[in-house]
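A.B. asks: Provided below are the primary sequence and the corresponding predicted coordinates.
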Amino acid sequence: MRPKKEVLNFEKFKRAIHYVIWKAGNRANFGATKLNKVLWFTDAGMYVLHQHSMTGATYVREKHGPVPKPFVPAREALKKAGTIEVWKDGKLTRFRTKSNPDMTEFSSEEMRLLDHWIEVIDKEHTAESISEKTHDYGWEIAIEGEEIPLIAILAERVRQPNEEEIAWAHDRMKKRGLG
């Protein structure tokens, strides 16, 4: 069974971006990469738990991991509305907001997931280390610009079986008259 196609809630997506910037935008080394990772892990986490994402955003494979397709349009809409400021600080794209985001549309679980990923990504990772975490099997098998389904967060490589597992499989085959 194929996962159902998510429908983007653009306003909710913008509010999620606004919230992450409000909560973490002033923190040192918190830029676009970390912001995109918070969105990826929150949307994918909601999908794994409830078969629907928080925002309905589609994610695509980019050099540094999954990126939400509507990120640039949402960022530009927030910037145009005067909700956020965007600037370059060396290689880092930084963000700032002075207004509180409207989070009434978000469930308490969505808020907990957003807060969790903001803290984990900010305190335990650099932009490079969190990007590496998203360079998983689901990301690897996609080509640049291709959509990565949220369920791909669970994809793993199958490893080679060890000797004990091979012996068990041979034994099972013999018992069933297959080898």
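C.D. replies: Arrived safely.

A.B. asks: so the residue nearest in space to the middle of the chain, which of the three states?
C.D. replies: When C-alpha atoms, centre = their mean is applied to the chain, the residue found nearest the centroid is W40 (1.2 Å). With DSSP: H, G, I helix; E, B strand; the rest coil as the basis, W40 sits in helix.

A.B. asks: list the contacts of it.
C.D. replies: 59, 65-68, 134 (C-beta atoms under 8 Å, 6 or more residues apart in numbering). To be clear about C-beta, it is placed using only N, CA and C from the backbone, and glycine gets the same treatment.

A.B. asks: isn't S53 right up against D43?
C.D. replies: Yes - in this structure, S53 is within contact of D43 by C-beta atoms under 8 Å, at 4.0 Å.

A.B. asks: identify the contacts common to these two.
C.D. replies: L150.

A.B. asks: if we can go back for a sec, just the contacts of W40: which are in helices?
C.D. replies: Counting by DSSP state H, those place T134 in helices.

A.B. asks: T83 is in contact with K98, isn't it?
C.D. replies: No - here T83 does not reach K98: they are 9.1 Å apart, not a contact under C-beta under 8 Å.

A.B. asks: looking at the two, which one has more neighbours?
C.D. replies: Using other C-beta atoms under 10 Å, the more surrounded residue of T83 and K98 is T83, with 18 against 9.

A.B. asks: dihedrals phi and psi, that one?
C.D. replies: phi -80, psi -40 (degrees, to the nearest 10).

A.B. asks: which residues touch it?
C.D. replies: Here T83 is in contact with 18, 97, 99 (C-beta under 8 Å, 6+ apart).

A.B. asks: just the ones of these in helices?
C.D. replies: Counted as lying in helices by DSSP H, out of these, are H18.

A.B. asks: dump the contacts of T83 to TSV, plus distance to K91 and neighbour count.
C.D. replies: What follows is these, written out as TSV (distance: C-beta to C-beta, whole Å; neighbours: other C-beta atoms under 10 Å):
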residue	distance to K91	neighbour count
H18	23	23
T97	22	20
S99	27	11
